[in-house]
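A.B. asks: pasting the sequence and the predicted model now:
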Amino acid sequence: MTDSRAARLPSLLLTLALLIGAMPAAAELSVTRGSAGHADTSSASPMPEWIYTLRPGESYSEVANDLLSQNYSAGRLLQYNGIGNGATLGAGDSVRIPLAWLKRQPQPARATSVAGTVQLISGSTGRKTSLDEDTLIRVGDEILSASGTATIELADGSEVRISPNSRLIFNRLTQYGKAGMVDTRLRLDSGEIHTRVKPVMEGGARFEIETPSAVAAVRGTAFALQTSPGGTSLQVTEGDVDFGEPGKTRRIPAGFGASLSTTGNEGLSIRRLPPAPAVNPLPPKLTQLPSTMTWQEDPAPRHRVDIFETDSGRWVESREISGNSFDIGQLDNGSYEIHLAALDTRGTAGMPSVVPVEVDLQARTASLESPADGATVNDDMPEFRWQLKGANEVARVEIAEDKEFRNLIATSEWAPETTALPSRPLGPGKYYWRVVTEAGGNSVATTKPRQLVVNGSLPPVRIISVNYIDSQVRVFWEKVDTAADYRLQLSEEPGFNNIIKEATLSDTTAALRLIPGRRYFVRLKALSDGPLQSRWGPGRELYLE
C-alpha cells in the first residue's frame, strides 16, 4: 500500500463509521445522507446518495465522466467525499455520489411480444397506432390492450405482461447514465398486469406502479396487480412490495395479497394467498398434444391457468377452470411456463405452481387416398382425401402444374381435416397434387405427388398484339393454364386451307419474317402433355408494307 493510500485509510474508515451510525436500524435501502462534516456544505438538508465502487481497470476520472451530469465536476465530487487526489483511488475503493448529480436520460421500453388487438397511444402526438413486436414505448405513451395481450421489456430487463382490457401509462422511464440504475414509474388505469422486476440497485433506483386508488413500490419481485373502479388488488409471489395509499403504504411479502377498496372505510386489507397447488409430474418434453396436466385436489373452488412463452414472455393463454385437470393443446413447438394458481372465494389468484414444459411435435407424412395417381376427373372442383398419421396436426392440399411445385395454382386452407376442395376451379389439363402436414408450427411433412387430369377442352388461344419491325413481325398471345406448348399456323388465306408454315412453341411469343406487300393470317391453339388440346383461336391478319 502506498503512503498516500495508507494516510487516506483512517479518513475512509471514519467516513464509513459515520455513515453506518447515521443509518436507521430498520433501513431497507442503502441510502446515505450528506454530512455537514464534509467539505461540501452547499446544502444542510439530507441528500440521497449512491455508493459506487471502482472496478479493476477503472480510473476515478473515467468513472466521474461517465456518471456525473455536466453541472458537476470530478473535482467537486472529490471535495464532497473529502478526498484530495482522485489518482489515489483504485479498484475496490468507493465514492458517494448524490443522486441529483448523476446523468439522467430517457430510456424507452420495448414490446417483446404482442398477441391480438393492442394499441399504442403516443404521448407526444396523441396518435393511436397498432402495437407491434419490437415497437419502442417512450415516456408519456399509453398501451390499450383491448382483446389482446402484450409483454413489455424495460431498460433494466424488467418485464411487464399486460392482460386483455387494460390501460397502462408510462410516466417515467429514466436511466442514470452508466450507473445501471433506473427510475420507472407506471400508471395502471384499468385491467391487470403481471410484473417481474429486476432487483433495484440500492441507493436510489426506483420502480413504482400507481393506480387510481393505490401505489405499489417495488424492490425486485414478481407480482400481479389488478385495478378497477372498485379498488386495487395485489398478489406478491416473490420478494416484497410496498402497497397502499400514497404515503401510507405497508410492506407486503411474498405469499400475501392486499387490496384497497374505493368504497366504504375498509382501508388496506392484507391476507395470506392460497398455497400453490401440488401438480402431478408432467413430462418435461411433450411430443404429443393434447396432454393432460393434473394436480392434487384442494379446497379451492376454482383454479387459474396462465401459459407464457419462455423466450418472448408472450401471454399465450389464460383461463379459469374447475376440477383438478387441464388439457394442454394447440401449442406451437417451443418452451413454455404454465402457471397454475388456486382462486379464493373472492376470485383472487394465489401462489402459482410454475411448470416448465417444452413442446416438440413432429409432423408425420399423411396417407393419400383419392384421387388415385393418374386419375381422370370430370369435375373442375375435385375432392381430395387423405389420412393423418400424427396427433394435433393440420394439413392442406397443394396443386401445381409441375412435379417440382414451383408454381402453386391452388391450395386448400390449413385445417385438421382429412378432406378438402381446391381454392379455385381447375381448368382442363394435367396437374400434380400433394398433401403437406404441419405440427407444432415448424415441423412439416410432405407426401409424394400424384398426377391428376381434369377432363374438358383447353380454352382457345387469343392473340394479344402484333408488332412490326422492318421485315419482321412479332406476335404475342395469352398464356393458357396447364398448356405445355402452343401450335402456330401461318396461311395466306383466312380459311387456313393452305398452311405455309406450322410450328410448336413453348413461349407465348413468336417472330415471323414476311414478304412485304403480301397478306398473311396467323392462329394458335394450346397443347397439353395429356390427351387435352384446345380449339384453334381466331385468326389474325398480318400485312407488311
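C.D. replies: Sure thing, it's come through.
A.B. asks: make it CA atoms for all contacts and neighbour counts henceforth
C.D. replies: Will do.
A.B. asks: for the protein, longest strand please?
C.D. replies: In the chain, taking DSSP state E as the definition, the longest strand is strand 182-196.
A.B. asks: partners of that strand in the sheet?
C.D. replies: Take DSSP bridges as the rule and strand 182-196 pairs in its sheet with strand 159-162 (antiparallel), strand 167-175 (antiparallel), strand 206-210 (parallel), strand 222-228 (antiparallel).
A.B. asks: helix, strand, or coil at K430?
C.D. replies: Following DSSP: H, G, I helix; E, B strand; the rest coil, the label given to K430 is strand.
A.B. asks: what sits up against stretch 528-539?
C.D. replies: Counting contacts by Cα atoms under 8 Å, 6 or more residues apart in numbering, the residues outside stretch 528-539 that touch it are 428-430, 453, 455-462, 482-485, 494, 521-527.
A.B. asks: try it again with 10 Å
C.D. replies: Residues outside stretch 528-539 that contact it (Cα atoms under 10 Å, 6 or more residues apart in numbering): 428-431, 452-463, 480-491, 494-496, 520-527.
A.B. asks: pairing partners for the helix or strand where L488 lies, with directions?
C.D. replies: Counting by DSSP states H and E, the element that carries L488 is strand 485-491. Sheet partners assigned to strand 485-491 using DSSP bridges are listed as strand 499-505 (antiparallel), strand 519-527 (antiparallel).
A.B. asks: distance between that strand and the chain's centre?
C.D. replies: 56 Å (Cα atoms, centre = their mean, to the nearest Å).
A.B. asks: got it, and stretch 231-241?
C.D. replies: 26 Å.
A.B. asks: dump the residue contacts of the spatially most central residue of the chain.
C.D. replies: By Cα atoms, centre = their mean, the chain has its centre lying nearest to S113, at 2.6 Å. Residues counted as contacts of S113 (Cα under 10 Å, 6+ apart) are 131-135, 149-153, 161, 309, 311-315.
A.B. asks: what of G456?
C.D. replies: Counting by Cα under 10 Å, 6+ apart, G456 touches V377, N378, D379, D380, G427, P428, G429, P531, L532, Q533, S534.
A.B. asks: again, but for N71
C.D. replies: W101, L102, K103.
A.B. asks: that one looks like it's in a strand, true?
C.D. replies: No - read with three-state DSSP, N71 is coil and lies in no strand.
A.B. asks: distance of it from L54?
C.D. replies: 22 Å (Cα to Cα, to the nearest Å).
A.B. asks: shaky segments in the chain?
C.D. replies: Filtered on pLDDT under 70, the chain yields the residue ranges 1-48, 50, 104-106, 176-181, 200-205, 264, 530-531.
A.B. asks: ok, 50 please
C.D. replies: Low-confidence segments of the chain (pLDDT under 50): 1-45, 203.
A.B. asks: Q362: what secondary structure?
C.D. replies: Secondary structure, three-state DSSP: Q362 is coil.
A.B. asks: do the same with G75
C.D. replies: helix.
A.B. asks: look up how far A222 lies from it.
C.D. replies: The spacing between G75 and A222, counted by Cα to Cα, is 41 Å.
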